[in-house]
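**Student:** give me a 3D structure for the following:
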Amino acid sequence: MSHTPVDAVPPVVAEAPDKGLKPDAIGLGRIVALGLAAVAPAYSLAVTLGYVVGAVGVHTPAAFLLGFVPILFTAFAFRDLNRAMPDCGGVFVWISRALGPVAGWFFGGWVPQIATFIATAALAQVATVYLLATFGLEAVAENPVATVSLAVALIGISALIAVRGIQLAAWVQYALIALQIVAIGGFCFGAFSAMAAGTAPSTGEPVSLSWFNPFAVDDPSGLVAGVILCLFIYWGWDALISVNEETTERSRTPGRAVVISTVILLVLYCAASVAALGFGGVELITSDAAIDDVLSVLGPLATGDVFGRVITLAIGLSALAALFTVAVSTPRGWLSMATYRALPAAITRVHPVRRTPNAATWWWAGISAATIVLLTLLSTDFIGLAILAIGLLVAAYYAATAIAAVVYFAPEFRRDPRQLVVAGILPALGALLMVVAFVVSAIDMASPEYVGEAILGVGTVFWIGVGALVVGVVVTLALRPAFPEFFGRRTIPVGTVRDHDFTIADPADAPAGTPSSVTDSPTREER
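**Tutor:** Below is the predicted model:
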């Protein structure tokens, strides 16, 4: 008996059911908090700043600025695509619409989810270690069984908060991101005050505007390495797109929040890097005692032991806040994928009262717990190596999203010069920069000297990152027969902004009678 290939199935567009999420539940402020919390700025800054300083020295602020450029250009793509298709599936829906279902499932489903699962394992572990250290339980933190058990418990707590309702999750994030901003701001205030009073360590550097000038860097390769490191500490803001169907003005608010959150991150990172360099200097920041966790070392020196404890607590809660955000964002992405027949229908179950994707959330918790246990069993260092590979995955799906924006809005470029710049040229440059970052990172990671770990003469981190991508291609192709409606382009037909066979309208903008999801209009192939 022969089987009909999925691409040969006649493309009849079906109407997607309502996902059951609670509309107009949160506004701009809380969605910005969710985006910032997903980045975990206190944790990201603490563990990355030392290595960026090691790569570019006093020109670290310039590296943060340059690293921000592709992020901002990509943020424009997210903003405009969300305006056109405000779906909680975000990159999965957008890439599927512009580039096809295989690209959508791989770049919009597999790649960000694998990156997220690795990050989830790391975040749960980091939150556990820092919270134990805050209360003087360092001995417990050195016990792998204890830390993994507590990390799994934190994953469970995150899932419980997420299923209780989007409003509760948003308020929790408000409190946690506020603590992080207070901690980073307090460190900056203490550092600048010590510099003004002349009590800063002798290793401190005289503050100079030249620190922001990338052309003053003597080592271009070091600058490139620093910029690539910066991509990691900006990653995560796109998680806020997952709650777009629950925000007020869902086609506009998330897009504004994307740009606002990235700008806030830029200000925080530049201010903290200037404060750290002026207070401790390159020598202290890159010392063995500080390079892995700059804020925990410099914080007490600049602010005293009491506020130093607050900074340590903020770093732990920063990772916990990011974990909470993942518990909110990932299940909503799965809900969208299942709605468009790209995952099993069981995942579409939403709590009838709380209006949260409870089935997907508990699946996320179970898989995340299994992931951290498995990675810990493989090696106590494996999670750290896997985190280094995330940069490849992030660059891949950010580039694909930017390319999807260019393809989707291309018909508008001739008649609208503004669209040509904002939705065409800038996202294209963002995609190009992401591809460059991917290639440079992959080459560095392939070196057997990269972090001193290698398999068959090739860096272990390279195997993890590229291996995850290769496995993803195989899985995506293997799943095509299992989800014929999606891969047959019947739930998300391929098209551009000029095509009207797939409409996701914002209820606030759509006139009465306008469909809010997939319509039953003919596809381009049928026309």
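**Student:** what's around residue 176, how many residues?
**Tutor:** When neighbours are counted by other Cβ atoms under 10 Å, residue 176 registers 23. C-beta coordinates here come from the backbone N, C-alpha and C atoms, glycine included.
**Student:** centre of the chain to the helix or strand it falls within, how far?
**Tutor:** Element membership for residue 176, per DSSP states H and E: helix 166-197. How far helix 166-197 lies from its chain's middle: 20 Å, per Cα atoms, centre = their mean, to the nearest Å.
**Student:** next structured bit after that helix?
**Tutor:** Per DSSP H and E, helix 166-197 leads on to helix 220-234 as the next helix or strand towards the C-terminus.
**Student:** sorry, back to before: buried residues, the helix holding residue 176. List them.
**Tutor:** Across helix 166-197, burial judged by 16 or more other Cβ atoms under 10 Å covers 166, 169-170, 172-174, 176-177, 179-180, 183-184, 186-188, 190-192, 194-195.
**Student:** name the helices or strands packed onto it?
**Tutor:** Applying 3 or more Cβ pairs under 8 Å, 6 or more residues apart in numbering; DSSP states H and E, one finds that helix 166-197 contacts helix 28-39, helix 41-56, helix 144-164, helix 253-285, helix 294-303, helix 305-339.
**Student:** OK, contacts around the residue positioned nearest the centre of the chain?
**Tutor:** For the chain, residue 236 is the residue whose C-alpha lies nearest the centre (Cα atoms, centre = their mean; 2.2 Å). Neighbouring residues of residue 236 by Cβ atoms under 8 Å, 6 or more residues apart in numbering: 35, 38, 39, 40, 119, 322, 325.
**Student:** how about these, which pair is most distant?
**Tutor:** 35 and 119 (15.0 Å; Cβ to Cβ).
**Student:** tell me the phi and psi of residue 219?
**Tutor:** Note on residue 219: its backbone torsions stand at phi -110, psi 100 [degrees, to the nearest 10].
**Student:** pull the number of nearby residues for the nearest residue to it once chain neighbours are set aside.
**Tutor:** Nearest residue to residue 219, sequence neighbours excluded (Cβ to Cβ, 6 or more residues apart in numbering): residue 56, at 7.5 Å. Number of residues near residue 56 (other Cβ under 10 Å) recorded here: 27.
**Student:** who's in contact with residue 56?
**Tutor:** 62, 63, 217, 219, 222, 223, 225, 226.
**Student:** any idea how far residue 173 is from residue 312?
**Tutor:** Look at residue 173 and residue 312: by Cβ to Cβ, to the nearest Å, they are 20 Å apart.
**Student:** can you check residue 135 too?
**Tutor:** 10 Å.
**Student:** which one's more surrounded, those two?
**Tutor:** Higher neighbour count among residue 135 and residue 312: residue 312, with 22 against 11, using other Cβ under 10 Å.
**Student:** ok, now which ones touch that one?
**Tutor:** Contacts for residue 312 (Cβ under 8 Å, 6+ apart) come out as 130, 133, 134, 296, 299.
**Student:** re earlier: closest one to residue 362 among the helices and strands packed on helix 166-197?
**Tutor:** Residue 362 lies closest, by Cβ to Cβ, to one member of these: helix 144-164, at 6.1 Å.
**Student:** how about residues contacting the closest one?
**Tutor:** Contacts of helix 144-164 with the rest of the structure, by Cβ under 8 Å, 6+ apart, involve 120-121, 124-125, 127-129, 132, 140-141, 168-169, 172, 320, 323-324, 326-328, 331, 351, 354, 356, 358, 361-362, 364-365, 368-369, 372-373, 376, 380.
**Student:** and if we set it to 7 Å?
**Tutor:** Residues from elsewhere that reach helix 144-164 (Cβ atoms under 7 Å, 6 or more residues apart in numbering): 124-125, 127-129, 140-141, 168-169, 172, 320, 323-324, 327-328, 351, 354, 356, 358, 361-362, 364-365, 368-369, 372-373, 376, 380.
**Student:** got a quick ChimeraX command for the buried subset of the residues you listed?
**Tutor:** Entered in ChimeraX, the line below selects the buried ones among the contacts of helix 144-164, by 16+ other Cβ under 10 Å:
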select :124,125,127,128,129,141,169,172,320,323,324,327,328,351,354,356,358,361,362,364,365,368,369,372,376
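**Student:** out of the contacts of helix 144-164, which are inside helices?
**Tutor:** Taking DSSP state H, the ones among these that sit in helices are 124-125, 127-129, 140-141, 168-169, 172, 320, 323-324, 327-328, 358, 361-362, 364-365, 368-369, 372-373, 376.
**Student:** what's the helix or strand hosting residue 391 packed up against?
**Tutor:** Residue 391 is part of helix 382-409 when elements are defined by DSSP H and E. Other elements packing on helix 382-409 under the criterion 3 or more Cβ pairs under 7 Å, 6 or more residues apart in numbering; DSSP states H and E are helix 60-84, helix 91-99, helix 111-134, helix 220-234, helix 358-378, helix 426-446, helix 460-478.
**Student:** return the set of buried residues in the first one.
**Tutor:** When neighbours are counted by 16+ other Cβ under 10 Å, the buried residues of helix 60-84 are found to be 60-68, 70-84.
**Student:** report the mean per-residue pLDDT for it.
**Tutor:** The average pLDDT within helix 60-84 is 89.
**Student:** by contact count, what packs against that helix?
**Tutor:** Here helix 60-84 touches helix 41-56, helix 220-234, helix 253-285, helix 382-409, helix 426-446, going by 3+ Cβ pairs under 7 Å, 6+ apart.
**Student:** and the longest one, how far out from the chain middle?
**Tutor:** Yep, that's helix 253-285 we're talking about. Relative to its parent chain, helix 253-285 has a centroid offset of 17 Å by Cα atoms, centre = their mean.
**Student:** perfect, that will be all.
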